[in-house]
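Engineer: have a look at this prediction, sequence included:
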2 protein chains.
Amino acid sequence: MVESYYQAFEAYRQQHPFDGQPSALYNPVNYIMELGGKRLRPILALMGYELFNPNYEAALPLAYAIEIFHNFSLVHDDIMDAAPLRRGKETVHTKWNLNTAILSGDVMLIYAYDYLLLLDAPDRMTDILKVFNRLAREVCEGQQMDMDFETRSDVSIPEYLHMIELKTSVLIAGALEMAGLAAGASAEDVRHLYEFGRNIGLAFQLQDDILDTYGEAAAVGKQIGGDIVQNKKTYLILKAQELASDPDRSTLATLMSTPTIDPKSKINAVKALLDKMNIRQQAQDTKTQYQNDAFAHLSALSIPAANRIALESLAHALLDRIS
Amino acid sequence: MVESYYQAFEAYRQQHPFDGQPSALYNPVNYIMELGGKRLRPILALMGYELFNPNYEAALPLAYAIEIFHNFSLVHDDIMDAAPLRRGKETVHTKWNLNTAILSGDVMLIYAYDYLLLLDAPDRMTDILKVFNRLAREVCEGQQMDMDFETRSDVSIPEYLHMIELKTSVLIAGALEMAGLAAGASAEDVRHLYEFGRNIGLAFQLQDDILDTYGEAAAVGKQIGGDIVQNKKTYLILKAQELASDPDRSTLATLMSTPTIDPKSKINAVKALLDKMNIRQQAQDTKTQYQNDAFAHLSALSIPAANRIALESLAHALLDRIS
């Protein structure tokens, strides 16, 4: 089912390569756009559109704009995070250089607007552009908060949740919101679509935090414990800091603020502290709460229940990676 | 006369500071926007608008969008050029850091679209956004061409002119084009406005090239000969390479491809070659040609001649720095 949206998106993408000049500017754009990925955001946009308008192909320019924006943010974030790899391949600034990664990213952001303008929704275009501007700004704000947090020792859980909402959720939520707008959905339905996406995004990020510490390497597809090794202040760590006794909090703070010498023993020491406070279950409960909120908003849409099934299945597939 | 547009723009800018959160993202935006400058592009937008609609204040959001975009490009270009100073003050990546300069630049580009959408021109909004997208893309393409040229020894004069057109002229031209569109000018007048700006931009850049080698340091406000010291392939150098005898071309190529040890003697040696071929006059003639084309397009506008005077005076003030 999801496969058909994926294929429609990929076909559209391949029909719209970046073939401008100079090629030094556009080759990296084609490279990152062809690196693959689940195409989650564009698929959600197509599915969200189809809830209110059967001709989902009409939303392909929107889906493409969203995926271009997402990849723009990856190119620039990878510079900021000094990441050498993305999806197992060299990042743009590694394969080319810093300047190319900055400028190719910039032109991608501009192209996202170009494709938005190709959407045939004259009455709703201004609203769609305003939503896009808002979420694009929020993604930048989330990235800045994430960087600010690296040097702060007093990040609260509400602040963390706000950061991941901006950095991760608003683009998923906005993809659905813009799709609803473009398809002519009512203000109330557009709001439910947005809230469905926002909560799915938050649940998804919490799942990410949990899997990074408690997942199976083979299933997750990456080294387990990476967040701990990199001293990342995830939900798990922040929750443990909130609940810990004074001595445990101090031990945890020391562990999570010094460079990692022996990864394995550090991961075990941190996990022992997390387990003592039952953090995994608490993170799981918070995730479940967001997930329930998401499905409540999906159920509240003024459409026949049968039409929700595809989106419900996709959300379950995304969020049921922990049993 | 120009002063009133400048003041209207500055008042609007001060009423619309970047006061979002996190402040680490927005402080650099306010910093670069407050560094000053001539505000040439927004002033041109206001004057262009007023040619067709007396209420030029209505174009302030457009003027602001253009100036925000211009400053976004400065923040990112300064990273790429590793420039420590801008208008005598530290550049954003120097005062803060690379990551901040990338991300604050990104959010500026998004805000430019926000202000464009504030323009009250519902029938023309899509056209205005398409012009903005086109010029924004072209500015990126021009910057990439400029970087590509650094490592090439076979840059032709048409290529150089195309590069400066993209990097410098299209934003000036586009500011006037969007102003004309927003003010309700006819397609023909919009085209003349664009061509006026495009030719002014080209003449302006050629003047810049000439002044860098032949200006008076006090009048130009910077060290003379900087382009030669940095081996920049300006119009002067490219024209000399075109006209030189084989031995002179080879001497020039050697001079302009080796690191500068003694700036003064290098500048003198290059100038001696340029003078031998009368390059200053030829650059001046090319500049005059663009300037004449610009004024021809200004004269072709379907407005009373008296209404053109202010824009004509401004263009002369910009372009008559060489006698």
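Structural biologist: Received, thanks.
Engineer: helices of the stretch 151-300 of chain A, residue ranges please.
Structural biologist: Remark: helices assigned in the stretch 151-300 of chain A by DSSP state H, counting those that start in this stretch are A:157-164, A:170-183, A:187-214, A:217-220, A:226-229, A:235-243, A:246-255, A:263-276, A:279-299.
Engineer: what's the burial count for the residue nearest to A:Ser169 when sequence neighbours are not counted?
Structural biologist: Spatially, and ignoring its direct neighbours in sequence, A:Ser169 is nearest to A:Gly201 (2.8 Å; Cβ to Cβ, 6 or more residues apart in numbering or on different chains). (Glycine included, C-beta is placed from N, CA and C.) Using other Cβ atoms under 10 Å in any protein chain shown, A:Gly201 is surrounded by 24 other residues.
Engineer: how about A:Asp78?
Structural biologist: Applying other Cβ under 10 Å, we find 21 residues neighbouring A:Asp78.
Engineer: hang on, the earlier thing: out of the helices of the stretch 151-300 of chain A, flag the one nearest B:Leu103.
Structural biologist: If you check each of the helices of the stretch 151-300 of chain A against B:Leu103 by Cβ to Cβ, helix A:157-164 wins as the nearest, at 13.9 Å.
Engineer: pull out the buried residues from the closest one.
Structural biologist: A:Tyr160, A:Leu161, A:Met163, A:Ile164 (16 or more other Cβ atoms under 10 Å in any protein chain shown).
Engineer: which non-adjacent residue is nearest the last one?
Structural biologist: The shortest distance from A:Ile164 to any non-neighbouring residue, by Cβ to Cβ, 6+ apart, is to A:Gln205 (4.4 Å).
Engineer: swap in the second one?
Structural biologist: For A:Leu161, ignoring the flanking residues on the chain, the nearest one in space by Cβ to Cβ, 6+ apart is A:Leu202 at 6.8 Å.
Engineer: and chain A, which of its residues are near chain B?
Structural biologist: A:20-22, A:24-25, A:76, A:79-80, A:98-100, A:102-103, A:105-107, A:109-111, A:113-114, A:117, A:122, A:125-126, A:129-130, A:133, A:136-137, A:140-141, A:143-145, A:147-148 (Cβ under 8 Å from any Cβ of the partner chain).
Engineer: the same query, at a cut-off of 7 Å, please.
Structural biologist: Remark: the part of chain A in contact with chain B comprises A:20-22, A:24-25, A:76, A:79-80, A:99, A:102-103, A:106-107, A:109-110, A:113-114, A:117, A:125-126, A:129-130, A:133, A:136-137, A:140-141, A:143-145, A:147-148, using Cβ under 7 Å from any Cβ of the partner chain.
Engineer: wait, isn't the residue nearest to A:Ser169 in contact with A:Thr168?
Structural biologist: Yes - using Cβ atoms under 7 Å, A:Gly201 is in contact with A:Thr168, at 5.1 Å.
Engineer: point out where chain A drops to low pLDDT.
Structural biologist: For chain A, applying pLDDT under 70 flags the ranges A:218, A:220-221, A:322-323.
Engineer: please repeat the previous calculation with a cut-off of 80.
Structural biologist: By pLDDT under 80, the weakly predicted segments of chain A are A:1, A:217-223, A:321-323.
Engineer: so what's the spatially most central residue of it up against?
Structural biologist: Nearest to the geometric centre of chain A sits A:Thr168, at 3.7 Å (Cα atoms, centre = their mean). With contact set as Cβ atoms under 7 Å, 6 or more residues apart in numbering or on different chains, A:Thr168 has these partners: A:Gly201, A:Gln205.
Engineer: same thing but 10 Å
Structural biologist: Going by Cβ atoms under 10 Å, 6 or more residues apart in numbering or on different chains, A:Thr168 touches A:Val139, A:Gly142, A:Asp146, A:Arg198, A:Gly201, A:Leu202, A:Phe204, A:Gln205, A:Asp208.
Engineer: is it true that the first one touches A:Ala173?
Structural biologist: Just to be clear, that refers to A:Val139. No - using Cβ atoms under 10 Å, A:Val139 is not in contact with A:Ala173, being 11.3 Å away.
Engineer: which residue lies farthest from the center of chain A?
Structural biologist: No residue in chain A sits farther from the centre than A:Pro247, which is 35.3 Å out by Cα atoms, centre = their mean.
Engineer: quick check: that residue vs A:Thr254, distance?
Structural biologist: 11 Å (Cβ to Cβ, to the nearest Å).
Engineer: same check, this time on A:Pro61
Structural biologist: Taking Cβ to Cβ, one finds A:Pro61 at 52 Å from A:Thr254.
Engineer: CA atoms only: put stretch A:38-46 into CSV for me.
Structural biologist: What follows is stretch A:38-46, C-alpha atoms only, in CSV (Å, rounded to 0.1, in the frame of the first residue of the first chain):
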residue,chain,number,x,y,z
LYS,A,38,12.3,5.9,3.6
ARG,A,39,10.8,9.1,2.0
LEU,A,40,8.5,9.2,5.0
ARG,A,41,7.6,12.9,4.8
PRO,A,42,6.6,12.9,1.2
ILE,A,43,4.7,9.6,1.6
LEU,A,44,2.8,11.2,4.6
ALA,A,45,2.0,14.2,2.4
LEU,A,46,0.6,12.1,-0.4
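Engineer: buried ones in that stretch?
Structural biologist: A:Arg39, A:Leu40, A:Arg41, A:Pro42, A:Ile43, A:Leu44, A:Ala45, A:Leu46.
Engineer: closest to chain B among those?
Structural biologist: Closest approach to chain B among these (Cβ to the nearest Cβ): A:Arg41, at 17.4 Å.
Engineer: wait, that closest one sits on A:His70?
Structural biologist: Yes - when contacts are counted by Cβ under 10 Å, A:Arg41 is listed as touching A:His70 (5.6 Å).
Engineer: how about the contacts of A:Thr168, which pair is most distant?
Structural biologist: A:Asp146 and A:Arg198 (17.7 Å).
Engineer: what sits against A:Ile200?
Structural biologist: So A:Ile200 contacts A:40, A:44, A:169, A:172-173, A:176, A:290-291, A:293-295, A:297-298, A:311, A:314-315, A:318-319 (Cβ under 10 Å, 6+ apart).
Engineer: A:Thr168 versus that one, what's the distance?
Structural biologist: In terms of Cβ to Cβ, A:Ile200 sits 10 Å off from A:Thr168.
Engineer: same check, this time on A:Asp19
Structural biologist: Look at A:Asp19 and A:Thr168: by Cβ to Cβ, they are 31 Å apart.
Engineer: what of A:Glu150?
Structural biologist: Taking Cβ to Cβ, one finds A:Glu150 at 17 Å from A:Thr168.
Engineer: would you mind measuring from A:Ile102 to A:Asp77?
Structural biologist: As judged by Cβ to Cβ, A:Ile102 and A:Asp77 stand 12 Å apart.
Engineer: the two: which is more packed in?
Structural biologist: A:Ile102 (25 against 21).
Engineer: which SSE is that one in?
Structural biologist: Here A:Ile102 sits within helix A:98-117, counting by DSSP states H and E.
Engineer: which other helices and strands contact that helix?
Structural biologist: helix A:23-33, helix A:60-80, helix A:92-95, helix A:125-150, helix B:60-80, helix B:98-117, helix B:125-150 (3 or more Cβ pairs under 10 Å, 6 or more residues apart in numbering or on different chains; DSSP states H and E).
Engineer: A:Gln223 - how many residues pack around it?
Structural biologist: By the criterion of other Cβ under 10 Å, A:Gln223 has 11 neighbours.
Engineer: chain neighbours aside, what residue packs nearest to it?
Structural biologist: The shortest distance from A:Gln223 to any non-neighbouring residue, by Cβ to Cβ, 6+ apart, is to A:Ala217 (6.3 Å).
Engineer: contacting residues for the one you found?
Structural biologist: A:Ala217 makes contact with A:Gln223, A:Ile224, A:Gly225, according to Cβ under 10 Å, 6+ apart.
Engineer: name the residues of stretch A:181-194 that are buried.
Structural biologist: With burial defined by 16+ other Cβ under 10 Å, the residues of stretch A:181-194 counted as buried are A:Leu181, A:Ala182, A:Ala183, A:Ala185, A:Asp189, A:Val190, A:His192, A:Leu193, A:Tyr194.
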